[in-house]
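Engineer: Give me a 3D structure for the following:
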Amino acid sequence: MTRLGFLLDSESCIGCHACTVACKAEHDVPLGVNRTWVKYIETGTFPDVNRHFSVMRCNHCDDAPCISICPTNALFRADNGVVDFDDDNCIGCKGCMNACPYDAIYINPVTNTANKCNFCNHRIEQDLEPSCVVVCPTHAIKVADLDNPDDETTKLISRSETAVRSPEQNTLPKVHYRGADPASLDPLQTAIAEDGMIWADTTAQHPTAVDGGDGIVARTAYTTAHEMTWKAKVSSYLVTKAVAAGIMVMAVLQVMYGGHYYEQAAVGVMPPVVAGVFLAVTGVLLVGDLKRPERFYYLITRGNRRSWLVKGSWVLGAFASVCAAWFIAGVAGWVTSLVLLALPAGLLAAATAGYTAFLFAQCEGRDLWQSPLVLPMLLAQAVVAGGAVYAVADLAMDVPDLVMVHSVMLGGIGACAVLVGIDLAVRGTAQAEAALVAMTRGQYARQFWAGGVVLGLVIPAVLVAVRLASDSGPVPAAVAGISAVAGMWFYEDSFVRAGQSVPLS
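Structural biologist: Okay, the predicted model is just below:
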């Protein structure tokens, strides 16, 4: 059996970029993106300084999270252990980019599909070496057959002090570095100085550079840019599906605990209509965020059952079916059917609200999203969103058991506040802490505090409490509902963006 890997000898690397150029030429890699690149860092204080070079690329992990999350099997493991890709299967969901802890995957601006180093597998199949190995003037890049103890490079790895990038992610990377400065392999130990980088016109503040930059031991002098992949559409989708799930949760509570299954408009018709509309918007957002939206049906025809992008589509489809059945029963006045549908509707609503927590868990490159608090937060947000819809609906229709609706909504707001407090108090990994700094004290602090906390939690809590404590009419609760959903979006957007703000290479 063959299991190919690389030995990258930083002691021999001279930073000439021949590997980068050869890779671009071999694979016709467009400008602005790279399959392999050379990172420069500088250590010491003038005049006693050193520059270190490290080649960055896909690590062809034995436990590759990009393969697990890929919804269409566009990323796969070849027989020689290489993680390869198939452009014809890729839908451009960008999940693999957040799953990779090494910034190794990019979207090809020509094909709009995910590409990366594939070990020049077309050359390997012809018994040729990868192009980067051939052109390296100092033979700093070597191919190793890690399952062959007689392989010369494998012997060199076994008798040398080598390191791998991000071993704590447990992806079992097969790219070994010899003689690399530890700071060059850990992006949290380096930062871009205020005067910028070599050949760079603009720079971004490193999240860990906030408040003194604890842990920064070197300066990043040259590296490549990696754009944020999931933005406003993903933040919005988290809110729209929370609304769809939440209103059905509240309808189920009205049926099972309030006994209001006979309320045709407020329980039988309005909730599934609202859920259906927001599920449709959710679908539009999901498909619209794909780089190859015309291939969205590959999720079904070529689906990878391990991916929560695929499992999530199953959940959304099943939930939409139950909502349709609920609507039919509500319009027809079949109250017994509503009672029978209550349990599956409640379970699928919870699954719709919460499955993204498992999708985020597959994004192993983003430690902020790995928190066990993500699932309860999504469920609590759905409860708040459902209460918000009923609070607004109370302006135009008779809503049964408003005390229960407002009490549950207030409880959801309280649960969200507690979960936010725990998240801020409990320390996580270095990367998660850096992302948390970006969210609470860095570039996303305003939308987190003013939007997510004040607009999304404080104001709604006060207004709902006023509504419960007095006969103030439906307006305060309706305003609270609108404020809560708007604040939910600001919170999710800061969470999604901050999670991707920490450099991985």
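
Engineer: CA only for contacts and neighbour counts going forward, please
Structural biologist: Fine.

Engineer: count of residues packed around residue 150?
Structural biologist: For residue 150, the tally of surrounding residues (other CA atoms under 10 Å) stands at 10.

Engineer: Apologies, that question was intended for residue 401.
Structural biologist: Around residue 401 there are 12 residues (other CA under 10 Å).

Engineer: can you give me the strands in the stretch 201-350 of the chain?
Structural biologist: 218-222 (DSSP state E, counting those that start in this stretch).

Engineer: right, and residue 243 touches residue 278 too?
Structural biologist: Yes: in this structure, residue 243 is within contact of residue 278 by CA atoms under 8 Å, at 6.8 Å.

Engineer: For these two, indicate the residue with more neighbours.
Structural biologist: Neighbours per residue, other CA under 10 Å: of residue 243 and residue 278, the larger number sits with residue 243, 29 against 20.

Engineer: Leaving out the residues flanking it, which one is nearest to that one?
Structural biologist: residue 385 (5.0 Å; CA to CA, 6 or more residues apart in numbering).

Engineer: and that neighbour, what element?
Structural biologist: helix 374-393 (DSSP states H and E).

Engineer: Following the chain onward from that helix, which element is next?
Structural biologist: helix 402-425.

Engineer: just to revisit the earlier point, and the helix holding residue 385 with helix 402-425, angle?
Structural biologist: 150 degrees (axes from the mean of the first three to the mean of the last three CA atoms, to 10 degrees).

Engineer: contacting residues for the closest residue to residue 501 other than its chain neighbours?
Structural biologist: Ranked by CA to CA, 6+ apart and with sequence neighbours excluded, the top spatial neighbour of residue 501 is residue 435, at 6.5 Å. Counting by CA atoms under 8 Å, 6 or more residues apart in numbering, residue 435 makes contact with 207, 368, 498-502.

Engineer: which is the next helix or strand following the one helix or strand residue 435 maps to?
Structural biologist: Following DSSP H and E, one finds residue 435 within helix 430-440. Counting by DSSP H and E, the element after helix 430-440 in chain order, helix or strand, is helix 445-446.

Engineer: tell me the helices in the stretch 101-250 of the chain, going along the chain?
Structural biologist: Along the stretch 101-250 of the chain, counting by DSSP state H, counting those that start in this stretch, helices occupy 121-124, 131-135, 152-159, 182-185, 232-256.

Engineer: one step back: hang on, the residue nearest to residue 243 packs against residue 242?
Structural biologist: Yes: here residue 385 reaches residue 242: they are 6.2 Å apart, a contact under CA under 8 Å.

Engineer: Quick one: end-to-end distance for stretch 10-23.
Structural biologist: With CA to CA, to the nearest Å applied, stretch 10-23 spans 18 Å between its terminal residues.

Engineer: shouldn't residue 309 be in contact with residue 69?
Structural biologist: Yes: between residue 309 and residue 69 there is a contact under CA under 8 Å: 7.2 Å.

Engineer: Quick check: neighbours shared by the two?
Structural biologist: residue 359.

Engineer: Pick out whichever of these two has more residues nearby.
Structural biologist: residue 69 (30 against 25).

Engineer: pLDDT score assigned to the more buried one?
Structural biologist: At residue 69, the model reports a pLDDT of 98.

Engineer: which non-adjacent residue is nearest it?
Structural biologist: Counting by CA to CA, 6+ apart, residue 307 is the residue found nearest to residue 69 once chain neighbours are left out, at 4.5 Å.

Engineer: Next one: the one you found from residue 495, what distance?
Structural biologist: Taken as CA to CA, the span from residue 307 to residue 495 is 22 Å.

Engineer: Given the helix or strand bottoming out on mean pLDDT in the chain, what are its sheet partners and their directions?
Structural biologist: Sorted by mean pLDDT, DSSP states H and E, the helices and strands of the chain end with strand 190-191, the least confident at a mean of 87. The sheet places strand 190-191 alongside strand 218-222 (parallel), with pairing taken from DSSP bridges.

Engineer: for the record, mean pLDDT for the partner strand?
Structural biologist: For strand 218-222, the per-residue pLDDT averages 90.

Engineer: domain assignment for this structure?
Structural biologist: 4-185, 232-499 (automatic domain parsing).
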